[in-house]
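Trainee: For reference, the sequence and a predicted model appear below.
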Amino acid sequence: MRSIVPLARVGRALAGIVLLGLLLGHPAGAWAGVSGLQATEENATKEREAALRSASGSGEGSVSANTKAAVYTVGAWVQTLNDFNVQERLFGATVWLWAIGPAEVEGDPLRTLQPTNLVGINESNFSGNAVRGEKHWFEKKVQGQFRHMWNLQNFPFDKQVLKMRFTEGLNDTFALKYVVDKRGSRLSDTIDIPGWRVSDFTVTAVPVEYNTSFGDPASVFDNRTARPALEISIELVRTTISGFFKLTAIMYGCVLLTCLTFLMSPADVSPRGSFVAGSLFATALNMRAASSALGTDGTLTLVDQLHILSLVLVFIAALMIIVTRRLLDRSMPLANVMRVNVIVLGASLVGFVIGNVILIGQAAALAHAP
């Protein structure tokens, strides 16, 4: 019995050694399985994120697991620019779009290309396609009014960047890719816009990302998708300031009329008051008309600031009527009262001129800023 006990103990010890050896000999395999699973999940996440960045950032197409993106060379020719409507925030244009792809690829890429800032479209727009050797050529004409937020804060030293945006309505960037035909894309030589000069023209293909998959059951991402888009950008610089003088002529006329009241006899309180009241009313009315003409009721433009400066001068003239009356009541000599009016007139005119120079200079400087 005594010999059996040591043997049992030896057996248990050997079994423990064998088990320990198994555990020490193969932990790497167990941990490798867990690490491999984690690495697979991390790599899948990184691949999905990289695919989305590729789809929405660089404009380059991506290849899904099953389908390679169809690549089309797209371009635009702007035939006309007209009907600038500041009040309605619109401009009219006629643009021809084209797409060139492999002849064996089926489907018309321009059929599902939707304008995103088009308000009204001409029903007579043309579309067609033809096979040219190994290439399939598609063409489409779009004519209508496009939405544009006219920024006239620095009028008449303003720049306008007119944009026409077109976004693919069905396929995402995993199925369709645009490459811009930069050589063929341009403005028509016949475009001549009175009062404006074209300073830049670009056509870019930058995908647009949405926070929805539009219900596509084959979407790669959950409630996220990127679709090909084409943007035509035309930068215009205003070349005439005649419109500025039309909007400010009455204002400056009222300023001159107000200045004359300082030179009237201090005793003529009633005529002076009539002139000042008329100038105040005319300036305020002209300011309202100018804001309406520029379509900028909610913003403070250069023209508005000049009108406000003119109103300050009118208020100074009204205040001087009261001051003059007080000075005369205190028996100040008429010549001295007249001298006070002339001094105030000179100071007011200097301030008005300096204010005009500063405001107009700032607007002009912003117009030449990059």
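Mentor: Thanks, I have the structure now.

Trainee: Please export the C-alpha coordinates of stretch 324-331 as CSV.
Mentor: C-alpha atoms of stretch 324-331 as CSV (Å, rounded to 0.1, in the frame of the first residue of the first chain):
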residue,chain,number,x,y,z
THR,A,324,-28.8,128.0,-33.4
ARG,A,325,-32.1,128.9,-31.9
ARG,A,326,-30.7,128.5,-28.4
LEU,A,327,-27.7,130.7,-29.2
LEU,A,328,-29.9,133.4,-30.6
ASP,A,329,-32.2,133.3,-27.5
ARG,A,330,-29.1,134.0,-25.4
SER,A,331,-28.4,137.1,-27.5
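
Trainee: avg pLDDT for it?
Mentor: For stretch 324-331, the mean per-residue pLDDT is 90.

Trainee: Buried residues, it. List them.
Mentor: 324, 327 (16 or more other CB atoms under 10 Å). C-betas here are computed from N, CA, C, even on glycine.

Trainee: again with stretch 108-121
Mentor: For stretch 108-121, by 16+ other CB under 10 Å, it's 109-110, 113, 115, 118.

Trainee: now swap in stretch 250-268 and tell me
Mentor: Buried-residue list, stretch 250-268, by 16+ other CB under 10 Å: 250-252, 254-255, 257-259, 261-262, 264, 266.

Trainee: Residue ranges of each domain in the protein, please.
Mentor: The chain breaks down into these domains under automatic domain parsing: 4-55, 59-238, 242-368.

Trainee: ok, back up a step: take the buried residues of stretch 108-121 and lay them out in a markdown table including secondary structure and pLDDT.
Mentor: As requested, the buried residues of stretch 108-121 are exported to a markdown table (DSSP: H, G, I helix; E, B strand; the rest coil; pLDDT from 0 to 100):
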| residue | secondary structure | pLDDT |
| --- | --- | --- |
| Pro109 | coil | 90 |
| Leu110 | coil | 92 |
| Leu113 | strand | 91 |
| Pro115 | strand | 92 |
| Leu118 | strand | 92 |
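
Trainee: Name the nearest of the residues you listed relative to His136.
Mentor: Pro109 (9.5 Å; CB to CB).

Trainee: least reliable of the domains of the chain going by mean pLDDT?
Mentor: For the domains of the chain, where the average pLDDT is lowest is domain 4-55, sitting at a mean of 43.

Trainee: How many residues are close by the nearest residue to Leu359 once chain neighbours are set aside?
Mentor: Once flanking residues are discounted, Leu359 sits nearest to Gln305: 5.3 Å by CB to CB, 6 or more residues apart in numbering. Gln305 has 18 neighbours, counted by other CB atoms under 10 Å.

Trainee: Wasn't Gln305 part of a helix?
Mentor: Yes: the assignment for Gln305 by DSSP: H, G, I helix; E, B strand; the rest coil puts it in a helix.

Trainee: how much space is there between it and Phe155?
Mentor: Separation of Gln305 from Phe155 (CB to CB, to the nearest Å) stands at 11 Å.

Trainee: chain center to the longest helix along the chain, what's the gap?
Mentor: The longest helix of the chain (DSSP state H) is helix 334-368. Distance, stretch centre to chain centre, for helix 334-368: 36 Å (CA atoms, centre = their mean, to the nearest Å).

Trainee: For that helix, buried residues please.
Mentor: 337-338, 340-341, 344-345, 348, 352, 355-356, 359-360, 363.

Trainee: helices or strands up against that helix?
Mentor: helix 242-263, helix 302-329 (3 or more CB pairs under 8 Å, 6 or more residues apart in numbering; DSSP states H and E).

Trainee: tell me the angle of it relative to helix 242-263?
Mentor: 160 degrees (axes from the mean of the first three to the mean of the last three CA atoms, to 10 degrees).

Trainee: Would you mind getting the angle between helix 334-368 and helix 302-329?
Mentor: Helix 334-368 runs at 170 degrees relative to helix 302-329, counting by the same axes, to 10 degrees.
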